[in-house]
Every structure is written in structure tokens, then in C-alpha cells.
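Chemist: below are the sequence and a predicted model; questions follow.
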Amino acid sequence: MINIEMARDYMFRSKRFLMEAKRALDEGDNATAVRRSQESLELAVKALLRAVGIEYPRSHDVSDVLLDQRSVLQK
């Protein structure tokens, strides 16, 4: 799968996680809402990095890559 296809897939899953977070919040399940929101944001950031061709470590925290590549991402 090429980068743009992976980025689209990540964004699709990010949106699904966000919908799950909303449903959990509506049901009063705050812990799941927070967890799904975090997963949604993580996938959205990784989608952005994939779309612009920036490799990131295979971990949950990609903040170091975002800081290192901020000039590329600001264009």
C-alpha cells in the first residue's frame, strides 16, 4: 500500500474512532471516550505524516517527529 492509500485508511479509521468516542461520551462512558479520542488523534497525526512522506517510529508517541519536521509540515 502506498503512502497516500495508507493515509486515507488511517483517516478513515480515525473518523470511526472519533464516532465511537462520541457514542461512548453520550452513554456516559468517559474512560472509553477518552481512549477512543486519543486513538483517533494518533491515527490522524500518522495519516498526516504518511501523506507528506515522513517516516515515523513504530510507537504511539510521534511528537519528536512532529517537532523535527515542523518546517515541512508548515508549508
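Modeler: Everything's here; your move. Given the structure is predicted, the values throughout are model-derived calculations rather than measurements.
Chemist: so where's this protein uncertain?
Modeler: Under the criterion pLDDT under 70, the flagged ranges of the chain are 1, 57, 59-60, 70, 75.
Chemist: how about the helices in it?
Modeler: Applying DSSP state H to the chain gives helices spanning 3-26, 30-51, 63-68, 70-73.
Chemist: for the shortest one, which outside residues touch it?
Modeler: Right, helix 70-73. Contacts to helix 70-73, defined as Cβ atoms under 8 Å, 6 or more residues apart in numbering, come from residues 48, 52, 54, 66. For glycine as for every other residue, the C-beta is placed from the backbone atoms N, C-alpha and C.
Chemist: and that helix, C-alpha only, in CSV?
Modeler: Presented in CSV, the C-alpha positions along helix 70-73 are these (Å, rounded to 0.1, in the frame of the first residue of the first chain):
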residue,chain,number,x,y,z
ARG,A,70,7.6,21.2,11.7
SER,A,71,9.1,23.3,8.9
VAL,A,72,8.0,20.7,6.3
LEU,A,73,4.5,20.5,7.9
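Chemist: and residue 43, what does it touch?
Modeler: Residues in contact with residue 43 (Cβ under 8 Å, 6+ apart) are 10-11, 13-14, 17.
Chemist: excluding chain neighbours, what is closest to the residue nearest the centre of the chain?
Modeler: Centrality entry for the chain: nearest residue to the mean C-alpha point is residue 43, 2.0 Å, by Cα atoms, centre = their mean. Spatial nearest neighbour of residue 43, excluding adjacent residues (Cβ to Cβ, 6 or more residues apart in numbering): residue 14 at 3.9 Å.
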